[in-house]
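Engineer: Kindly return the folded structure for what I paste below:
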Amino acid sequence: MPIHNLYSFNKENKIVVHGQYFDDAIFKEIGNSLKTKENGKIYINHPYIVTVRKVVNAYCAEDIETMFSFYAPNATFGSSSMKTNQLIGVEEKKKEDKETFATYDNMQLDQVGYPDCIYYEEGDAYVVYSWWSLSCTTKDGKKMSNIPVMLSHTFDKEGKISNEIVYLNSNHFE
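Structural biologist: Presented below is the predicted three-dimensional model:
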């Protein structure tokens, strides 16, 4: 833990003042780690889960207008194939999706298990985690199927998606 010590000496070289500066947030973390603490709720059924399903359906239908109606104008997007903390905006995401639709046909995402909507008390945020199996066909007819996909959608106070992260192994597309 970084600590800065500041000393003041008198004429006899004796310490007369000792000041110590540090980030005391570490003590809060230590205290929290000593007890069990809840941080919100998990929902198996929630309107935000329905929204994510609508987004996925619009994506598979290549309906960009409907799909992006669920996103905030300043939404950010990331994926496991991007650099850590690298995010793009709505316009760049639309462009990427159009390129994907021009490359692949018959996009299908089948839900695996059930999505969870998690309300995080700390941070006051709702996030929907969902798991899917992707199937599609390349324009030259090669069928690709059963590609695991995990989606993370964070919602803002207006109920719009403010952040989307897609986790999948991009090696399937090379």
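
Engineer: what are the pairing partners of whichever strand or helix holds Trp131, and which direction each?
Structural biologist: Secondary structure from DSSP states H and E places Trp131 in strand 125-138. Counting by DSSP bridges, the strands paired with strand 125-138 are strand 104-111 (antiparallel), strand 116-120 (antiparallel), strand 143-155 (antiparallel).

Engineer: What helices and strands are in contact with the helix or strand bottoming out on mean pLDDT in the chain?
Structural biologist: Counting by mean pLDDT, DSSP states H and E, the chain has its least confident helix or strand at helix 25-33, which shows a mean of 83. The helices and strands touching helix 25-33, judged by 3 or more CB pairs under 8 Å, 6 or more residues apart in numbering; DSSP states H and E, number zero. From N, CA and C alone the C-beta is placed, and that goes for glycine too.

Engineer: Show me the shaky parts of the chain.
Structural biologist: The model of the chain has pLDDT under 70 over residues 172-174.

Engineer: How is it partitioned into domains?
Structural biologist: 4-33, 40-173 (automatic domain parsing).

Engineer: so how far is the shortest one from its chain's centroid?
Structural biologist: Computed by CA atoms, centre = their mean, to the nearest Å, the separation of domain 4-33 from the middle of its chain amounts to 38 Å.

Engineer: what's the neighbour count on Trp132?
Structural biologist: For Trp132, the count of nearby residues is 20 (other CB atoms under 10 Å).
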